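# Below is the structure, and that's it, no one-letter string:
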Ligand SMILES: Cc1cc2nc3c(=O)[nH]c(=O)nc-3n(C[C@H](O)[C@H](O)[C@H](O)COP(=O)(O)O)c2cc1C
């Protein structure tokens, strides 16, 4: 079967692309509204794309009424945001925080989350997340009046104690349990891991 993407509807393209490119990591973005309300929501058009400078990318579509999502509005206004990563323990709260609620209501309250202060940016991080990246906007890329890609430069990493080997800066894989998004409301764990032939990196590298 061959499918020309231009001949498909946006919804068909969405199903096809998000069905094949699995799993996708989840950026659980936390920001504050102009009115001072803490906001968070998950975004799986997401990945890290460079290490020097350290860059990540997030793709935003419109809200259900065609308006920009609150996270994007807050990022545009301040040029900053926080990407929290999602482990198994936070799956339900992450999913709950994707509800489209009024801007003056907080997904932190909705999902039972705690806002913790950041160091380099004005927005809060999610205290329950084991890993958070404080970011500033590196480039905004408007791909369509209703769709935007944000390239963010990662300024600072927060990690739960023990998750990073202090000397080598290597992540302790055995203690890290991120989930991925398959499609729609379907997710996966990252428990089945395997080696291919070759040496594993030593502790110091
Ligand atoms: C796992 C997951 C991944 C999502 N990924 C995206 C995404 O990449 N881009 C997007 O625009 N919306 C995505 N959404 C939908 C947003 O989370 C949702 O529209 C949310 O209400 C936006 O909140 P905000 O208006 O507070 O920014 C995703 C939802 C879930 C559950």
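Structure received. These figures come from a predicted structure and were not determined experimentally. Numbering: from 1, shown residues only.

# quick one: low-confidence parts of this protein?
With pLDDT under 70 as the threshold, the chain has low-confidence stretches at 202-205.

# all strands of it, in order?
For the chain, applying DSSP state E gives strands covering 27-32, 38-43, 46-51, 54-60, 80-84, 115-116, 125-126, 131-144, 147-159, 180-183, 186-188.

# Tell me which of those strands lies nearest to residue 169.
Closest approach to residue 169 among these (C-beta to C-beta): strand 147-159, 9.6 Å. (C-beta placed from N, C-alpha, C; glycine too.)

# Leaving aside the residues adjacent along the chain, what's closest to the most centrally placed residue in the chain?
By C-alpha atoms, centre = their mean, the chain has its centre lying nearest to residue 27, at 0.5 Å. Distance criterion C-beta to C-beta, 6 or more residues apart in numbering; nearest residue to residue 27, sequence neighbours excluded, is residue 46 at 4.0 Å.

# Am I right that that neighbour is in contact with residue 60?
No - between residue 46 and residue 60 there is no contact under C-beta atoms under 8 Å: 10.4 Å.

# Pull the contacting residues for the nearest residue to residue 78 once chain neighbours are set aside.
Once flanking residues are discounted, residue 78 sits nearest to residue 122: 6.1 Å by C-beta to C-beta, 6+ apart. The contact partners of residue 122, by C-beta atoms under 8 Å, 6 or more residues apart in numbering, come to 32, 78, 80.

# Residue 80 too?
So residue 80 contacts 121, 122, 123, 134, 135, 136, 137 (C-beta under 8 Å, 6+ apart).
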